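Visitor: please find the sequence and the predicted model below.
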Amino acid sequence: MANSWWEINIRCHPLLEDTVYWRTQDFGCRGTSSQYKGKNCLISAYLPQEQAQLLDLSALALWLRQDAILANLPEPTVKWNLIDEEDWSSSWKEHWQPQEVGDQFLICPAWLDVPEAGKRVVVRLDPGVAFGTGAHPTTQLCMESMEMRFDGKPTEQIIADIGCGSGILAIGALLVGAKTAYAVDIDPLCLRATQENISLNHIQPDRVHLEQGSFEKLQEMLGDRKVDGFFCNILAEVIVDLIPQLEQISHQKTWGVLSGILLDQAKAISDTLEQSGWIVATLWKRQEWCCINVRRS
């Protein structure tokens with residue numbers, strides 16, 4: 001029997017789109033899609049049935065309405081229904097098309113033919129229920145930051161992807177020059193998606209070390225090795241707790257890219273980074289989100 005999923009449909013003002021993405025990700029949704037209907041944005045988010053009860057969904061709707069009131073925007077309408085897994089796995093794919101990201105990348109859904117890419121690096125992707133399609137501003141900012149570190153030529157750099165989701169950042173780095181990637185995520189579905197995307201992009205298996213777990217698992221995988229750079233595109237609350245530990249996998253020239261951070265969270269994150277011996281080199285923003293590039297002091 002197919003597993004059942006909550007399909008949560010949120011019709012909102014376009015300026016609320018990023019806030020809704022953040023709320024649904026924080027709520028535990030495994031994937032989202034969005035489309036514009038007239039002057040409104042329709043966002044569909046998906047969550048395994050066993051992870052939420054009706055009261056939980058009602059609470060999510062309340063939070064979304066409070067967000068709209070605080071932003072002085074019209075309240076969204078929130079509806080939900082149960083669908084079978086095979087319906088969820090195909091419904092959102094209708095809305096996702098190849099997308100250029102930054103100056104180097106072209107993200108192409110795995111089920112579509114690869115379009116003419118010119119000099120762009122094609123990243124083929126089937127995220128399944130994992131976060132990371134290249135459409136969200138946080139992922140785009142990370143990939144644009146990646147372009148500061150790699151120019152498409154092979155290097156000896158070792159990178160870590162903390163909370164790898166679909167594997168898009170680790171795979172992108174390997175395609176544009178990283179030698180080896182270490183990737184961890186606490187969600188086994190993310191690991192499965194990452195492994196499949198590694199194969200889709202014809203990356204040699206020995207270039208990727210992939211395990212289920214958090215930062216402690218990454219340390220175990222690395223042993224005495226240090227990384228040259230790391231990506232961390234997760235929730236700001238998790239990043240704050242992680243920052244004091246990052247030096248344990250770093251050397252004097254290690255760089256880092258942190259995202260999943262709302263603009264009003266950026267100062268607290270930056271202050272914590274500086275207190276832990278990191279220099280905030282740049283802070284890039286897109287809509288309500290930002291990406292912080294750091295290096296060791």
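Guide: Okay, I see it.
Visitor: ok, the longest strand anywhere in the chain: who's next to it in the sheet?
Guide: Ranked by number of residues, the top strand in the chain under DSSP state E is strand 250-262. Its sheet considered, strand 250-262 pairs with strand 227-233 (parallel), strand 289-296 (antiparallel) by DSSP bridges.
Visitor: just say which of those strands is most tucked in.
Guide: The highest average neighbour count among those, using mean count of other CB atoms under 10 Å, belongs to strand 227-233 at a mean of 23. For the C-beta atoms, the positions are set from N, CA and C on the backbone; glycine is no exception.
Visitor: following that strand, which helix or strand shows up next?
Guide: Proceeding N to C from strand 227-233, the next assigned helix or strand is helix 236-242, under DSSP states H and E.
Visitor: hey, C-alpha coordinates of that following helix in PDB?
Guide: Extracted in PDB, the C-alpha atoms of helix 236-242 (Å, rounded to 0.1, in the frame of the first residue of the first chain):
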ATOM      1  CA  ALA A 236      19.600  29.500  11.400                       C
ATOM      2  CA  GLU A 237      18.800  28.000  14.800                       C
ATOM      3  CA  VAL A 238      20.900  24.900  13.900                       C
ATOM      4  CA  ILE A 239      23.700  27.000  12.500                       C
ATOM      5  CA  VAL A 240      24.100  29.000  15.700                       C
ATOM      6  CA  ASP A 241      24.600  25.800  17.700                       C
ATOM      7  CA  LEU A 242      27.000  24.400  15.000                       C
END
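Visitor: per-residue pLDDT, residue 26?
Guide: Looking at residue 26, its pLDDT stands at 88.
Visitor: now it. Nearest residue, chain neighbours left out?
Guide: Spatially, and ignoring its direct neighbours in sequence, residue 26 is nearest to residue 235 (6.3 Å; CB to CB, 6 or more residues apart in numbering).
Visitor: point out where the stretch 1-150 of the chain drops to low pLDDT.
Guide: For the stretch 1-150 of the chain, the stretches flagged by pLDDT under 70 are 1-2, 85-95, 128-132.
Visitor: my read: residue 105 touches residue 134, true?
Guide: Yes: taking contacts as CB atoms under 8 Å, residue 105 lies within contact range of residue 134: 7.5 Å.
Visitor: what residues are shared contacts of those two?
Guide: Listed contacts common to residue 105 and residue 134 are 123, 143; contacts here mean CB atoms under 8 Å, 6 or more residues apart in numbering.
Visitor: which ones are touching the nearest residue to residue 76 once chain neighbours are set aside?
Guide: Of all residues not flanking residue 76 in the chain, residue 12 sits nearest, at 3.6 Å (CB to CB, 6+ apart). Contacts for residue 12 (CB under 8 Å, 6+ apart) come out as 20, 40, 41, 43, 64, 68, 73, 74, 76, 77.
Visitor: filter those residues down to the buried ones.
Guide: Buried subset of those (neighbour count, 16 or more other CB atoms under 10 Å): 20, 40, 41, 43, 64, 68, 74, 76.
Visitor: please tell me how far residue 78 sits from residue 6.
Guide: According to CB to CB, to the nearest Å, residue 78 and residue 6 sit 11 Å apart.
Visitor: one step back: ok, which of the strands paired with strand 250-262 comes nearest residue 148?
Guide: strand 289-296 (7.2 Å; CB to CB).
Visitor: phi, psi of residue 182?
Guide: The phi and psi values for residue 182, taken as degrees, to the nearest 10, are phi -110, psi 130.
Visitor: give me the neighbour count for it.
Guide: Residue 182 has 24 neighbouring residues, counting by other CB atoms under 10 Å.
Visitor: next up, the contacts around the closest residue to residue 233 other than its chain neighbours.
Guide: Distance criterion CB to CB, 6+ apart; nearest residue to residue 233, sequence neighbours excluded, is residue 259 at 4.5 Å. The contact partners of residue 259, taken as CB under 8 Å, 6+ apart, are 138, 139, 141, 142, 232, 233, 289, 290, 291, 292.
Visitor: next up, the contacts around the second one.
Guide: In this structure, residue 139 makes contact with 101, 132, 133, 168, 169, 233, 259, judged by CB under 8 Å, 6+ apart.
Visitor: and the two most separated of those?
Guide: Comparing all pairs in these by CB to CB, the longest separation belongs to 133 and 259, at 14.6 Å.
Visitor: related to what we said a few turns ago, make TSV from the contacts of residue 259 and add distance to residue 225 to it.
Guide: As requested, the contacts of residue 259 are exported to TSV (distance: CB to CB, whole Å):
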residue	distance to residue 225
138	27
139	26
141	27
142	22
232	18
233	22
289	31
290	30
291	26
292	24
